[in-house]
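Visitor: got a predicted structure plus its sequence, pasted below:
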Amino acid sequence: MDPIDRLREEIVRTGLLTAPQADDGFVFGTARMRAVGTDVNVNVDPELDDRSDMDTGTLLAAIERVLTVTDARWGQIVHSVAEEIEEAVGDQPVVEATDLRDDLTLTSMAVFHDAVLLSFAAPKQFPDSWIRAQLDDDLDVNGVVVDEKDDDTEVVEFESLDDLLDHLTADR
């Protein structure tokens with residue numbers, strides 16, 4: 001069994017992700033994040049092209065650490081992300097008066113051996129962008145980047161998780 005399949009099997013065993021799949025060098029699935037109150041997409045990248053070893057325990061611990069973050073700690077993370085963006089914007093006028101902290105919606109995360117990358121949508125303040133925040137092992141924000149959304153990206157919406165899973169597993 002190759003390393004990615006072993007990682008997927010360990011994730012299945014722990015139950016951290018719903019219906020994890022292995023493809024193209026990483027494992028992905030969805031997970032319930034209690035502090036956010038919703039399911040998020042989780043990609044686990046062991047960076048096998050850049051590493052000679054994979055520490056499954058470190059990856060599993062990182063997934064669990066983020067998924068089980070307390071409400072208070074999540075509030076601190078969101079505040080740090082918003083604060084970094086507000087400092088970068090400075091005194092520039094803004095059109096949308098909604099507090100960025102209320103606009104940030106976690107959509108996905110990528111888990112690596114030494115960091116977690118969170119992807120947020122902010123539909124009112126940054127409708128054409130993704131906000132990416134990197135967290136270290138202590139879940140402190142190490143950096144924030146605002147990336148423009150790719151105009152060539154196809155958005156597909158599903159009524160339920162079952163519909164999404166049916167779409168993902170359909171023969172093409």
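Guide: Looks like it arrived, so ask away.
Visitor: just the endpoints, please. Distance across stretch 31-51?
Guide: End-to-end distance for stretch 31-51, by Cα to Cα, to the nearest Å: 26 Å.
Visitor: my error: substitute stretch 50-70 in the last question.
Guide: 32 Å.
Visitor: mind listing the strands for this protein?
Guide: Listed in chain order, the strands of the chain (DSSP state E) span 18-23, 26-33, 38-44, 105-111, 116-122, 126-135, 141-148.
Visitor: check which residues of the first one are buried.
Guide: This points to strand 18-23. Buried positions in strand 18-23, judged by neighbour count with 16 or more other Cβ atoms under 10 Å: 20, 22. The way it works is simple: take the backbone N, C-alpha and C, and place the C-beta from them, glycine included.
Visitor: pull the distance from that strand to the chain's centre.
Guide: 15 Å (Cα atoms, centre = their mean, to the nearest Å).
Visitor: can you give the strand pairings for that strand, parallel or anti for each?
Guide: strand 26-33 (antiparallel) (DSSP bridges).
Visitor: picking up where we left off before, now the strands of the chain in TSV, with mean pLDDT and distance to Glu10?
Guide: Output for these, formatted as TSV (pLDDT from 0 to 100; distance: least, Cβ to Cβ, whole Å):
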stretch	mean pLDDT	distance to Glu10
strand 18-23	94	10
strand 26-33	95	9
strand 38-44	94	10
strand 105-111	95	13
strand 116-122	94	18
strand 126-135	91	22
strand 141-148	90	26
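Visitor: nearest to Leu7, out of those strands?
Guide: strand 26-33 (5.4 Å; Cβ to Cβ).
Visitor: so which of the strands of the chain gets nearest Ala61?
Guide: Closest among those, using Cβ to Cβ: strand 105-111, at 9.8 Å.
Visitor: please save the CA atoms from that closest one in CSV.
Guide: Extracted as CSV, the C-alpha positions of strand 105-111 are listed here (Å, rounded to 0.1, in the frame of the first residue of the first chain):
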residue,chain,number,x,y,z
THR,A,105,-16.5,32.3,6.4
LEU,A,106,-14.2,29.4,6.6
THR,A,107,-14.5,27.3,3.4
SER,A,108,-11.6,24.9,3.5
MET,A,109,-8.3,24.1,5.1
ALA,A,110,-5.1,22.4,3.9
VAL,A,111,-3.1,20.5,6.6
